[in-house]
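Student: quick one, structure for this:
(4 chains)
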There are 2 protein chains.
Amino acid sequence: MVLKDHRSLEETHTKVIHEFSKTLEMFGLTPADARLFVTLYINNGPMTLDEMSDALGKSKTSMSTGIRGLLDQGLVERVWKKGFRKDLYRANENLYKNFMSSYIQKWQLAADEQENSLKSIENDLKEQIQTFSKDNQMKQADHLYKRIEDMRSFHQLISGAFHELDPDNQFSSE
Amino acid sequence: MVLKDHRSLEETHTKVIHEFSKTLEMFGLTPADARLFVTLYINNGPMTLDEMSDALGKSKTSMSTGIRGLLDQGLVERVWKKGFRKDLYRANENLYKNFMSSYIQKWQLAADEQENSLKSIENDLKEQIQTFSKDNQMKQADHLYKRIEDMRSFHQLISGAFHELDPDNQFSSE
DNA sequence: AATTACGTACAGTTTAAACTGTACAAAGTA
DNA sequence: TACTTTGTACAGTTTAAACTGTACGTAATT
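Tutor: Predicted structure coming up:
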């Protein structure tokens, strides 16, 4: 019975890992990174690369590169345990704060960047329009100009909406 | 000069297509689909598959499958023009309503699904716990249980946040 | 100092997605 | 009816990502 218990608990772990990974993938994590994070998150205590490799059935190299990605994203941290040679890693607590606020930031950043790019393109277009002679071209250019304006207001709406959502935003309705 | 004008306007089109595609990719469109949508969006009037193929420099087959994807997502519609043999397609207007609300819906759906899956796994786990004998296992299972609870409340926060954001939601702050 | 353990760089392989060209079915035209 | 045009199914190719195994530098252990 002990063996069976052990196996079924491990199966449950696997189920949770694969299920919850889907949610994290929606935040932009790759499937591999997502599974790695969840593995750490549900483990009781920090893990070594070998343990992760074991738990996921992937090579240690994959774990190493995966962990680096998660570290870069600030989702995982290294843990020290004196007298222990292997590196230990732990998933950061507080899922919501971690994922939601970095997610919103990603959107804000992208929206800002787009705003700049489009503004710059729009200016170029304005200059081009001066040089146009054919009526046909004017029409085309005019239409494009209107569309760029639409895109810009689209970004403004996005930016506003996500600002509203930000848990770090004191005026957020949360 | 006419030729140069024409070329530079086309270049501007290309720039806009590649730039704005980045934003649409954030809504989950593939790069290919995003570029196709933007091409339609900035074009003055509906387009045929051949025109798209020309504008993007990809095969007509790619356009055909791409358009089907966009139709499925409700981002593009077919347009009829009598006496004209080719199919014509047009991008739906109103970017914000189209993308934001379908995006939010996607999140809501995913969150609901996850809630169900996790609840079901949680129930299984409860039953399993009854059969556990070893203290070690109990501890493991208990920790997993707590984590599942955390995941569930995570989904509830997500669901609430996106509900707030939904332009279709009458209580939304927009 | 020699040996062992550990993490990662790198090259190569596997796997999945995007894309293309050909071929064909459906519908229009002569 | 025969011929052309158009869209798409399908098979095969290209391209990019994920993953693995080997090899090596660094640090701990003997």
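Student: so how far is the longest helix seen in chain A off the chain centroid?
Tutor: If you go by DSSP state H, chain A has its longest helix at helix A:95-131. How far helix A:95-131 lies from its chain's middle: 17 Å, per Cα atoms, centre = their mean, to the nearest Å.
Student: who are the packing partners of it?
Tutor: Contact analysis of helix A:95-131 by 3 or more Cβ pairs under 8 Å, 6 or more residues apart in numbering or on different chains; DSSP states H and E lists helix A:135-165, helix B:2-26, helix B:135-165 as its packing neighbours. Yep, even glycine has a C-beta here, placed from its N, CA and C like the rest.
Student: which one of the ones you listed has the poorest average confidence?
Tutor: The weakest mean pLDDT among the helices and strands packed on helix A:95-131 belongs to helix B:2-26, with a mean of 82.
Student: now do that helix and helix A:95-131, the angle between them.
Tutor: Angle, helix B:2-26 to helix A:95-131, by axes from the mean of the first three to the mean of the last three Cα atoms, to 10 degrees: 170 degrees.
Student: what are the buried residues along helix B:2-26?
Tutor: Neighbour-count burial for helix B:2-26 flags B:5, B:8-9, B:12-13, B:15-17, B:19-21, B:23-26 (criterion: 16 or more other Cβ atoms under 10 Å in any protein chain shown).
Student: go on, stretch A:62-80?
Tutor: For stretch A:62-80, by 16+ other Cβ under 10 Å, it's A:Met63, A:Gly66, A:Ile67, A:Gly69, A:Leu70, A:Gln73, A:Leu75, A:Val76.
Student: in the sheet, who's paired with the closest residue to the third one other than its chain neighbours?
Tutor: Translated: A:Ile67. In space, and not counting its chain neighbours, A:Ile67 is closest to A:Tyr89: 5.8 Å by Cβ to Cβ, 6 or more residues apart in numbering or on different chains. With DSSP bridges applied, A:Tyr89 shows beta-bridge pairing to A:Met47, A:Arg78.
Student: my read: A:Tyr89 touches A:Glu77, true?
Tutor: Yes. Using Cβ atoms under 8 Å as the test, A:Tyr89 is close enough to A:Glu77 to be in contact (7.0 Å).
Student: domain map for chain A?
Tutor: A:2-93, A:96-165 (automatic domain parsing).
Student: for DNA strand C, which of these is the nearest?
Tutor: When these are compared by Cβ to the nearest atom of the strand, domain A:2-93 sits nearest DNA strand C, at 3.3 Å.
Student: so is the closest one next to DNA strand C?
Tutor: Yes. Residues of domain A:2-93 are located near DNA strand C by Cβ under 7 Å from any atom of the strand, namely A:Thr48, A:Leu49, A:Asp50, A:Lys60, A:Thr61, A:Ser64, A:Thr65, A:Ile67, A:Arg68, A:Arg85, A:Lys86, A:Asp87.
Student: contacts only, for the last one.
Tutor: By that I understand A:Asp87. A:Asp87 is in contact with A:Thr48, A:Leu49, A:Arg78, counting by Cβ atoms under 8 Å, 6 or more residues apart in numbering or on different chains.
Student: state the distance from the second one to A:Ala55.
Tutor: This means A:Leu49. With distances taken as Cβ to Cβ, to the nearest Å, A:Leu49 is found 11 Å from A:Ala55.
Student: got it, and the last one?
Tutor: If you measure A:Arg78 against A:Ala55 using Cβ to Cβ, the figure is 18 Å.
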